[in-house]
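Engineer: Generate a structure from the sequence data that follows.
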Amino acid sequence: MQNKRKDPRLRMRRHAQVITAPREQPVSCVVWDISNSGARLAIARPIMTLPPRFLLLLDKDGRVQRKCEVVWTDARFVGVKFV
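Structural biologist: Sure thing, here's the model as predicted:
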C-alpha cells in the first residue's frame, strides 16, 4: 500500500486537549501521530459527539494550538487536517 500523504508523519504518544466550543471544558486526547498538515487522535469522548471543527491544544498552557477539521473517524481514532 502506497502512502499518499504530502507530509511525513511523526509517531508520538502526546497528551493534548480538544476544545469543542467556547466556555466548554477541554476534552483529553492523545496525539498518536502528527504532520505539518494533520494528526491522528484518540479522544476521551464518544466520537459521534465530536463537532466537525475544533481547537487542538498541544501544550499545557495552550500556546501551541491548531484549528482542526475532522477528515475521518473509526471506532478508535479521529483523523484531522489542520485548517
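Engineer: can you give me the mean pLDDT across stretch 55-74?
Structural biologist: For stretch 55-74, the mean per-residue pLDDT is 93.
Engineer: from now on call the first residue 894
Structural biologist: Understood, numbering begins at 894; the last thing we discussed is stretch 948-967.
Engineer: what separates that stretch from the chain centre, distance-wise?
Structural biologist: 5 Å (CA atoms, centre = their mean, to the nearest Å).
Engineer: Now do the buried residues in it.
Structural biologist: 948-951, 959, 961, 963 (16 or more other CB atoms under 10 Å). C-beta coordinates here come from the backbone N, C-alpha and C atoms, glycine included.
Engineer: Who does Val971 form a beta bridge with?
Structural biologist: Counting by DSSP bridges, Val971 is bridged to Leu934, Thr966.
Engineer: just checking, Ile927 touches Ala909?
Structural biologist: No. Taking contacts as CB atoms under 8 Å, Ile927 lies outside contact range of Ala909: 9.5 Å.
Engineer: how many neighbours does the closest residue to Leu950 other than its chain neighbours have?
Structural biologist: Of all residues not flanking Leu950 in the chain, Gln910 sits nearest, at 4.4 Å (CB to CB, 6 or more residues apart in numbering). The local packing of Gln910 (other CB atoms under 10 Å) involves 19 other residues.
Engineer: quick one: what helix or strand has Gln910 in it?
Structural biologist: Under the criterion of DSSP states H and E, Gln910 resides in strand 903-912.
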